[in-house]
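Undergrad: Got a sequence here, can you build the structure:
(one chain, ligands or ions: 1)
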Amino acid sequence: MNIVSKEVMHVGEMASGAALTVPVYRLEGQQQGPSVYIQANMHGAEVQGNAVIFQLLELLKTIELKGSITLVPYANPVACNHKNGEYTLGRFDPITGVNWNRMYHFDTEMVAPFAQANLNQSNIEIEQAFRALMLEKISQKLNHNVYGLTTGQRIAFQLQHLAHQADIVLDLHTGPISSKHLYCPEYAKASAKYFDIPHTLLIPNSFDGALDEATFCPWWQLKQAFADLGRDFPITKADEKQGEALIIKESFTVELGSQEQIDLDIAHEDALGILSYLQYQGVINSDDYHPKKMTRYCCMLEDYKALYSPMGGMVDYLAEFGQPLAPGEPLARILRMDNYGDGDPLHYISLDHQVIPILHFASASVNQGTELYKVFSKFSIL
Ligand code: ZN
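TA: Residues are numbered from 1 along each chain as shown. Predicted coordinates for the structure are as follows:
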């Protein structure tokens, strides 16, 4: 039986002086193994990850743990409580307009000098020193910044300080109305098959402010810097060499479905998929969790296209998620009642090539230029 410890982390203060806090749950294994960091609800309306963390904690009570796992539900208390009418808005900081998941930090300049200075160290020494350097950089940002931080940066950097301590990072999100999909760094493609998620986006080695990138890009860039100096540095199982200590550094954004929804039964399924991946990585001592058989599609990030509405109107979303849609088949039809009787009240929206629809806008009423759908415009079987 694993013991779960709980800590309350302060991430900021409201105008009234009320503390902004997030709960941090920790499980420590009896044996050595990779450390894992899982957070949910950085975007306010994307709540299903909290239910997945609940189900993971319930399942992990009786699973023998080899590594350690840190779980943070309600990771962003500002976004989580950002209601307007019956909706939760929290995708952007309402004061600065910045996406809450674009505020993490990575200074690429740190990589090359570190690689040069540590060229002859062992893999384990490099891992420890580079992790310490990343933690030091975040601590400096948090504690030694005379001009202060935005509300969002303060939250993000504290979460990042937890995430940098881990080997494996899972950031649980959802789309608006969406199928399940996974953001996966290209080098960790083989690991994507262990999640029960049929659609994978392969991410290049460039940092754009998101947590997954903030935690995998430094290691990937370090690996490349060492490769330029003629040295291997392993960060995933595919790099494994006999007689060498294996280092795993993988981060994923897990898109669990649609926003504004909690389904505890689906959350249980999602948790089983995560356990399948954690078992593969040697975090749990078990042989009970295996990925489901399914057709898994992957798409390069550059081929993940948004389709913007060519007109304003009321949308009837037609295309089914997750299945290839033939060229010319309608994605949606747009109703324009102002044109009834003297114009064309119905417009069909289609593309001239095959795509896989992944998600669509959450509302039926759209302006011209609203992001209607996101689709895999080129894809292959994973
Ligand atoms: Zn999100």
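
Undergrad: got any ranges where the stretch 151-300 of the chain has weak pLDDT?
TA: Scanning the stretch 151-300 of the chain for pLDDT under 70 picks out no residues.

Undergrad: Residue of it closest to the ion, please.
TA: His173 (3.3 Å; C-beta to the ion). Glycine gets a C-beta too; all of them are placed from N, C-alpha and C.

Undergrad: can I assume that residue sits in a helix?
TA: No - counting by DSSP: H, G, I helix; E, B strand; the rest coil, His173 is not part of a helix but strand.

Undergrad: Let me know whether it touches Ser258 as I believe.
TA: No - between His173 and Ser258 there is no contact under C-beta atoms under 8 Å: 11.1 Å.

Undergrad: Compare neighbour counts for those two and give me the winner.
TA: Set His173 next to Ser258 and count neighbours by other C-beta atoms under 10 Å: His173 wins out with 25 against 21.

Undergrad: Run through the residues that contact the more buried one.
TA: Listed by C-beta atoms under 8 Å, 6 or more residues apart in numbering, the contact set of His173 reads Met42, His43, Glu46, Gly49, Asn101, Thr253, Val254, Glu255, Leu256.

Undergrad: Let's see that with 6 Å instead.
TA: Contact partners of His173, counting by C-beta atoms under 6 Å, 6 or more residues apart in numbering, are Glu46, Thr253, Glu255.

Undergrad: ok, what's across the strand from the residue most central in space within the chain?
TA: Centroid-nearest residue in the chain: Thr253, 1.6 Å away (criterion: C-alpha atoms, centre = their mean). Following DSSP bridges, Thr253 is listed with bridge partners Asp171, Tyr183.

Undergrad: Touching, it and Val169? I think so.
TA: No - between Thr253 and Val169 no contact is recorded; they are 9.2 Å apart, counting by C-beta atoms under 6 Å.

Undergrad: on that earlier part again, show me which of the contacts of His173 neighbour the ion.
TA: Glu46 (C-beta under 5 Å from the ion).

Undergrad: want to throw the contacts of His173 into CSV with distance to Met311?
TA: Output for the contacts of His173, formatted as CSV (distance: C-beta to C-beta, whole Å):
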residue, distance to Met311
Glu46, 29
Thr253, 32
Glu255, 28
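
Undergrad: Around the ion, pick out the residues from the stretch 51-200 of the chain.
TA: His173.

Undergrad: Which stretches in the stretch 51-200 of the chain count as strands?
TA: Ranges of strands in the stretch 51-200 of the chain, per DSSP state E, counting those that start in this stretch, are 68-72, 83-84, 87-88, 168-175, 177-178, 181-185, 199-203.

Undergrad: Following the chain past the last one, name the next helix or strand.
TA: So that's strand 199-203. The first helix or strand that comes after strand 199-203 along the chain, using DSSP states H and E, is helix 211-228.

Undergrad: and that next one, which residues are buried?
TA: Going by neighbour count (16 or more other C-beta atoms under 10 Å), the buried part of helix 211-228 is 211-223, 225-226.

Undergrad: what do you get for stretch 304-320?
TA: Neighbour-count burial for stretch 304-320, counted by 16+ other C-beta under 10 Å, picks out Tyr304, Lys305, Leu307, Ser309, Gly313, Val315, Tyr317, Leu318, Ala319.

Undergrad: got it, and stretch 268-278?
TA: Going by neighbour count (16+ other C-beta under 10 Å), the buried part of stretch 268-278 is His268, Asp270, Ala271, Leu272, Gly273, Ile274, Leu275, Ser276, Tyr277, Leu278.

Undergrad: Stretch 61-73 too?
TA: For stretch 61-73, burial by neighbour count (16+ other C-beta under 10 Å) applies to Ile63, Leu65, Lys66, Gly67, Ser68, Ile69, Thr70, Leu71, Val72, Pro73.
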